[in-house]
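[1] make a model of this:
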Amino acid sequence: MRKQEKSMTFLEQFLPTGAFEQIAPFFTTHVIHLTITYERKSVMGDYRHPTLESPFHRISINGTLNPYSFLITLLHELAHLQTHVHFGTRISPHGKEWKTQFRHILIPFMGKRFFPADVEKALYAYLHDPAASTCTDPALYKALYQYDERKPGFKLVDDLGINQQFETEDGQLYQVIERLRTRSKCRNLNNGRLYLFQGIMEVKQVRRHKV
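    Next up is the predicted model:
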């Protein structure tokens, strides 16, 4: 997978206005190899601790994220860095130690207009028990999704109405049948079977076909 490495000053364009000044001290306190990549879809970011072969902290962030998702992901990975510095590797990757470090790092960015009001509201709720990924928190994911650059016609399953139809990446056609708590029951129009879809799954809405 090809990756494009960028200088520290280049980082500013990926962040909300003014956030770079608060991020910069992390890079003066620690030796961090930051990589911006454009080719990952399922991974937003990752952290690797120093080794004998690579004696520095390594962070990789998906450069296609919107500025608010990028900042949250970067802070997520910096929390891993801080957790490693304080506790080493003999703890759970997203255990109580990481949760505490993530809260300490994220809270100074709250209430300073780095995030839109809807994202910040969802973030406050998320901070009660931060998870391994923002994708596991539907409210936060939906709030951030509103600021993504999307192709025309693409929506979350939760944003589709009952009986509306959509297409998945593999070309299969579905119709929304019933809305459940966190998922939607949908009928595959190719084979007639029923499937459950997570509400935060992105799909392409299509014109109605005869069932």
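[2] tally of neighbours for the closest residue to Ile200 other than its chain neighbours?
    Closest residue to Ile200 apart from its sequence neighbours, by CB to CB, 6 or more residues apart in numbering: Tyr141 at 4.8 Å. Glycine gets a C-beta too; all of them are placed from N, C-alpha and C. A count of nearby residues for Tyr141, using other CB atoms under 10 Å, gives 20.
[3] okay, and for this structure, where does confidence drop off?
    Applying pLDDT under 70 to the chain flags the ranges 1-8, 39-42, 209-211.
[4] which residue ranges of it form strands?
    4-5, 32-37, 45-48, 57-62, 154-156, 165-167, 173-179, 183-188, 194-198, 202-206 (DSSP state E).
[5] run a quick neighbour tally on Glu169.
    Count around Glu169 with other CB under 10 Å applied: 9.
[6] what's the closest non-adjacent residue to the one residue sitting closest to the centre of the chain?
    Centroid check for the chain by CA atoms, centre = their mean gives Thr134 as the closest residue, at 4.9 Å. In this structure, Thr134 finds its nearest non-sequential neighbour in Leu140, 5.2 Å apart by CB to CB, 6+ apart.
[7] ok, that neighbour - contacts?
    The contact partners of Leu140, taken as CB atoms under 8 Å, 6 or more residues apart in numbering, are 119, 122-123, 125-126, 134.
[8] kindly recompute the last result at 6 Å.
    Leu140 sits next to 122, 126, 134 when contact means CB atoms under 6 Å, 6 or more residues apart in numbering.
[9] so how far is Asp137 from the first one?
    In this view, Ala122 and Asp137 are 7 Å apart by CB to CB, to the nearest Å.
[10] next: the second one.
    Distance, Tyr126 to Asp137, by CB to CB: 5 Å.
[11] repeat for Ile162
    Ile162 is 25 Å from Asp137, by CB to CB.
[12] okay, these two: which has more neighbours?
    Between Ile162 and Asp137, Asp137 has the larger neighbour count (other CB under 10 Å), namely 19 against 10.
[13] pretty sure that one is touching Ala125, no?
    No - checked against CB atoms under 6 Å, the pair Asp137 and Ala125 is beyond contact range at 7.9 Å.
[14] Ala132 contacts Ser92, correct?
    No - the pair Ala132 and Ser92 fails to qualify as a contact (CB under 6 Å) at a distance of 10.1 Å.
[15] now for these two: what residues contact both?
    By CB under 6 Å, 6+ apart, no residue touches both Ala132 and Ser92.
[16] in stretch 158-166, what counts as buried?
    When burial is assessed from 16 or more other CB atoms under 10 Å, stretch 158-166 yields the following buried residues: 158, 160, 164-166.
[17] ok, of these, which one's closest to Arg208?
    Gln165 (5.6 Å; CB to CB).
[18] the nearest residue to the closest one once chain neighbours are set aside: how many residues sit nearby?
    Nearest residue to Gln165 in three dimensions, chain neighbours excluded: Gln175, at 4.8 Å (CB to CB, 6+ apart). Number of residues near Gln175 (other CB under 10 Å) recorded here: 18.
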